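**Student:** fold the following, please.
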Amino acid sequence: MSGGDGRLGHVITNPEGELPPPATAPDSPRRPKQPSLLQRPCMYLACFVKSLPVLFISGIVGWSYYAYVIALLLYAMMDNPIEQILCGILYHYFFIMFFWSYGMTIFTPPGRVPDNWHLSRHATAALSSAKSEDEWKETLAKVGSKMGCNTKQRSVQGALRYCEKCECIKPDRAHHCSVCEICILKMDHHCPWVNNCVGFRNYKFFMLFLCYALLYCIFIAATSARYFVRFWSDSLSLGTAKYHIIFVFLVSILFTISIFSLFWYHVYLVTQNRSTLEQFRAPVFEDQAADKEGWSLGSLNNFKEVFGMNPLLWPFPVSTSVGDGLYFPHRRAKQFNNYHSIANSDNRVAETPTRTLVNPIISGAGTISTTQTIHSSHASSVQQSGHISALSGTVSPLSATEVVLDTNGHTRTVPVHPAYHGIDGVAPSEVVIQ
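**Tutor:** Prediction:
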């Protein structure tokens, strides 16, 4: 539209004489950039190369099916139909469960950080403008509190864990995968044999994959060993099927050896409630203490966290893991005495004031024996006892014991240093001799 001076498109300025700010969309978390047309061929080639281990495993298992079913079941066991039926049923059970678990591990996303944990452009700019490390930590803490990102785990420097590549606050136990280029919830490791990260949502499937792979290989080796020996001890000849049976026996032995140690290593990690990354670097918590046992709730509860609460569903690769991958109960919080409390992460222990009771008893020999009991809000009690001589005024050292709850919810009595809760002994002013 033309103005009085005859110019077109005249821009109206604000009263200060400056151009008005450009209209922008509401502040929102950044989205990852889409690859350009020139980058896509390289991306497709990289995806194909990453898929080669999966194709290799699938090819080996496919060939083993032919070698076992055709060469061993139909030809080598043709004289024993009962053995054929039993071995055929068991083999197909292990085969189906193995491929089911393997497919679920490959195609199930391990879990990524939700959008509401990603910082906005304004928050990212505020972090970039920080002048010192302390200012950066304080700014990040304020941003995290405003976003509602309540985490218990901290970085080595004592700050909220922040991913500069994803521009997000990392939930507890989450880590950035350099291969997937995203932050993974409860990341264990990136496995090239499944072309996927192993994280919160597919860790159960990965465990079942290892379990059924081991059982599959052991079963093939055990049932084909007799025929493998017969090929060398007598004149049993099955043509080309003979070589398939020999090689499937040898390959199953090799895979059994390689999978055996990996499977039992992860069984140990499950019972300890640790990931592979946490096994090598202990998580740091709010109190700046590194604790490898920080997430452990007892062996059974740790197992249930991965496999779920229903034992009937443990052997099947269906999603039964407990939680959302963002928040986890930990033993340092003191309010999770068993795994049933994980459903409500807001449980709090009622605060009660600490009470100290001193009960002096005067014996006939002039010796005062005292029993001091401290009741606190930490579900434990401390008892201290000692003897005070009325004649000499000396106080004998006090012994202290504490009744605590272990991770399984059982009580046990443990000795405590005399200075427990700041109590060094029974003060003479607490005892009155009449």
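
**Student:** point out where the stretch 151-300 of the chain drops to low pLDDT.
**Tutor:** Within the stretch 151-300 of the chain, the ranges that satisfy pLDDT under 70 run 235-237.

**Student:** hmm, 80 instead?
**Tutor:** 231-240 (pLDDT under 80).

**Student:** helices of the stretch 151-300 of the chain, start to end?
**Tutor:** Under the criterion DSSP state H, counting those that start in this stretch, the stretch 151-300 of the chain carries helices at the ranges 203-233, 241-272, 276-280, 299-307.

**Student:** residue 195: which of the ones you listed is closest?
**Tutor:** Set against residue 195 and scored by CB to CB, the helices of the stretch 151-300 of the chain come closest in helix 203-233, at 12.5 Å. C-beta: built from backbone N, CA, C; applies to glycine.

**Student:** would you turn the helices of the stretch 151-300 of the chain into CSV with mean neighbour count?
**Tutor:** Formatted as CSV, the helices of the stretch 151-300 of the chain follow (neighbours: other CB atoms under 10 Å):
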stretch, mean neighbour count
helix 203-233, 20
helix 241-272, 16
helix 276-280, 14
helix 299-307, 19
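
**Student:** residue 158 is nearest to which of those?
**Tutor:** Per CB to CB, nearest to residue 158 of these: helix 276-280, 18.3 Å.

**Student:** which outside residues touch that closest one?
**Tutor:** 173, 175, 187, 188, 189, 269, 292, 295 (CB atoms under 8 Å, 6 or more residues apart in numbering).

**Student:** for residue 243, see how far away the first one is.
**Tutor:** Spelled out, it's residue 173. 48 Å (CB to CB, to the nearest Å).

**Student:** can you check the third one too?
**Tutor:** Residue 187 sits at a distance of 43 Å from residue 243 (criterion: CB to CB).

**Student:** quick one: contacts for residue 183?
**Tutor:** Going by CB under 8 Å, 6+ apart, residue 183 touches 112, 113, 163, 166, 168, 170, 174, 175, 176, 177.

**Student:** recalculate using a threshold of 6 Å.
**Tutor:** 113, 163, 166, 170, 174, 176 (CB atoms under 6 Å, 6 or more residues apart in numbering).

**Student:** next: residue 102.
**Tutor:** residue 209.

**Student:** look up phi and psi at it.
**Tutor:** phi -60, psi -50 (degrees, to the nearest 10).

**Student:** state the distance from it to residue 213.
**Tutor:** In terms of CB to CB, residue 102 sits 8 Å off from residue 213.

**Student:** likewise for residue 325?
**Tutor:** Taking CB to CB, one finds residue 325 at 25 Å from residue 213.

**Student:** next one: residue 264
**Tutor:** Computed as CB to CB, the residue 264 to residue 213 distance reads 13 Å.

**Student:** got it, and residue 196?
**Tutor:** 16 Å.

**Student:** what do you get for residue 53?
**Tutor:** Counting by CB to CB, the gap from residue 53 to residue 213 is 14 Å.

**Student:** then residue 124?
**Tutor:** Residue 124 is 43 Å from residue 213, by CB to CB.

**Student:** and if you look at residue 84?
**Tutor:** Residue 84 is 24 Å from residue 213, by CB to CB.

**Student:** isn't residue 292 up against residue 283?
**Tutor:** No. Assessed by CB atoms under 6 Å, residue 292 is found out of contact with residue 283, at 7.8 Å.

**Student:** ok, these two, which is more surrounded?
**Tutor:** residue 283 (23 against 15; other CB atoms under 10 Å).

**Student:** so what's that one up against?
**Tutor:** Counting by CB under 6 Å, 6+ apart, residue 283 has contacts 153, 294.

**Student:** can you show me the CA trace of stretch 221-228 as PDB?
**Tutor:** The C-alpha trace of stretch 221-228 is given here as PDB (Å, rounded to 0.1, in the frame of the first residue of the first chain):
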ATOM      1  CA  ALA A 221      24.600 -79.500  20.400                       C
ATOM      2  CA  ALA A 222      23.100 -82.100  22.900                       C
ATOM      3  CA  THR A 223      20.800 -83.800  20.400                       C
ATOM      4  CA  SER A 224      23.200 -83.900  17.500                       C
ATOM      5  CA  ALA A 225      26.300 -85.000  19.500                       C
ATOM      6  CA  ARG A 226      25.400 -88.700  19.300                       C
ATOM      7  CA  TYR A 227      25.200 -88.500  15.500                       C
ATOM      8  CA  PHE A 228      28.400 -86.400  15.300                       C
END
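
**Student:** which residues in the stretch 251-400 of the chain form strands?
**Tutor:** With DSSP state E, counting those that start in this stretch, the ranges of strands along the stretch 251-400 of the chain come out as 284-285, 355-362, 367-375, 381-389, 399-405.
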